[in-house]
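Enquirer: model the structure of this input:
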Amino acid sequence: MPVTHRPARSLRVLLEPPDRALAILLGLQPDIEVVASAAARPAVALVEGLDAVRAVLADEPECRVLVTAGSARPGLREAALAAGAAGLVLRDGPVEELAECLRRASTGETVVDPALAGP
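Expert: I've put the predicted structure just below:
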């Protein structure tokens, strides 16, 4: 009989675009399950770009979407939130911090990394 190492209520996360390395790292978290598509009904999606926010929300309106960015740009935070994102996070931060942002977003919190909050 197969043994599962995940809690019964794991956090389903979609990566758009798919990122195999990040999926592996997030999958090592005991409560996160990376899914392949919006059809799997993710609770949170991690996306690059504002068009991806709209696309994910069109497929799965209840999904909380976090936008990844490498650095702060003027107006990025406001544009992401206006597009329907639940927040903005660093693309290359530690995976533990990213996992915590995903957990917080799944509870309804707006998550903006302080490094990306802007002036």
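
Enquirer: show me the shaky parts of the chain.
Expert: 1-9, 118-119 (pLDDT under 70).

Enquirer: quick one: residues contacting the spatially most central residue of the chain.
Expert: Closest residue to the average C-alpha location of the chain: Leu46 at 2.9 Å, with C-alpha atoms, centre = their mean. By C-beta atoms under 8 Å, 6 or more residues apart in numbering, Leu46 lies in contact with 13-16, 22, 65-66, 68, 89, 98, 102. Yep, even glycine has a C-beta here, placed from its N, CA and C like the rest.

Enquirer: show me the two of those that sit farthest apart.
Expert: Leu22 and Val65 (15.7 Å; C-beta to C-beta).

Enquirer: ok, those two, which is more surrounded?
Expert: Between Leu22 and Val65, counting by other C-beta atoms under 10 Å, Val65 is the more crowded of the two (26 against 17).

Enquirer: for that one, give its distance to Leu28.
Expert: With distances taken as C-beta to C-beta, to the nearest Å, Val65 is found 23 Å from Leu28.

Enquirer: again, but for Pro74
Expert: Per C-beta to C-beta, Pro74 is found 35 Å from Leu28.

Enquirer: which helix runs longest in this protein?
Expert: Ranked by number of residues, the top helix in the chain under DSSP state H is helix 95-106.

Enquirer: quick one: the helices in this protein?
Expert: 20-27, 50-59, 76-82, 95-106.

Enquirer: would you turn the ones you listed into a markdown table with distance to Pro42?
Expert: Shown next, in a markdown table, are the helices of the chain (distance: least, C-beta to C-beta, whole Å):
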| stretch | distance to Pro42 |
| --- | --- |
| helix 20-27 | 12 |
| helix 50-59 | 8 |
| helix 76-82 | 18 |
| helix 95-106 | 9 |
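
Enquirer: comparing those, which comes out most buried?
Expert: helix 95-106 (a mean of 19; mean count of other C-beta atoms under 10 Å).
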